[in-house]
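1. Turn this into a model:
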Amino acid sequence: MRSRRRFLATSLAAGVLAAHRSAFAHGKAEHPHKAASDAPKEQQEWGIAGDERSVARTIPIVMTDAMRFVPDRIAIHMGETIRFTHENRGTVMHEMVVGTPATLAEHAELMRRFPGMEHDEPWMAHVGPGGRGQMIWHFNRAGDFQFACLIPGHFQAGMIGTIKVG
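-> Numbering: from 1, shown residues only. Sure, this is the predicted structure:
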């Protein structure tokens, strides 16, 4: 719970600062994939940043301007480290953010209120139009989680997928 509050407080502060500085991270800017050694290893309800050497399999994710992910349902074994590769086949920025339904809905609301907010966490991948990206995540908690594009309007249009970890 403390981590979630810290995440929300940090996101809100970043949003206010970004709005104040007129920074627009989601205009056309891609966020480079963080190296595993650079990623904070902070436990989340949905897992922890993964290590490249531990990747069990790669799951390709396609992002489209129809506001959909392909695939939009993923089954993962608890304890697996997954490399998600992202291909944005659209003409606008998309992102894949992993979390619980509640944390994603809260973050989507912050993004709607502060569209220029900057954020870059190991459970997020931002991919520009026609671009590619990746994310490595270790699923060490069982449960039903989601991934979504939280760019204003995308989440609301249904750009959401599910991850079942068992």
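2. Please make it C-alpha for all contacts and neighbour counts, starting now.
-> Fine.
3. helix, strand or coil for Trp98?
-> You called it Trp, but residue 98 is Val. Under the three-state scheme (DSSP: H, G, I helix; E, B strand; the rest coil), Val98 adopts strand.
4. and the residue most central in space within the chain, bridged to which residues?
-> Geometric centre of the chain, nearest residue: Val97, 1.6 Å, by CA atoms, centre = their mean. Beta-bridge partners recorded for Val97 (DSSP bridges): Met124, Ala148.
5. What distance do you get for it to Phe155?
-> According to CA to CA, to the nearest Å, Val97 stands 11 Å off from Phe155.
6. any residues in contact with both of the two?
-> Counting by CA atoms under 8 Å, 6 or more residues apart in numbering, the contacts common to Val97 and Phe155 are 148-149.
7. thinking again about what came up before, mind listing what the residue nearest to the centre of the chain touches?
-> 104, 123-125, 147-150 are the contacts of Val97 under CA under 8 Å, 6+ apart.
8. The residue nearest to Met67 when sequence neighbours are not counted: neighbour count?
-> Residue nearest to Met67 in three dimensions, not counting chain neighbours: Met159, with 4.8 Å by CA to CA, 6 or more residues apart in numbering. If you count neighbours by other CA atoms under 10 Å, Met159 ends up with 24.
9. Arg57 too?
-> For Arg57, using other CA under 10 Å, the count is 12.
10. got it, and the one 10 residues further on?
-> Met67 is flanked by 18 other residues according to other CA under 10 Å.
11. One more: Ala75?
-> Ala75 - counted by other CA under 10 Å - has 11 other residues nearby.
12. Kindly report the same for the one 10 residues further on.
-> Number of residues near Thr85 (other CA under 10 Å) recorded here: 16.
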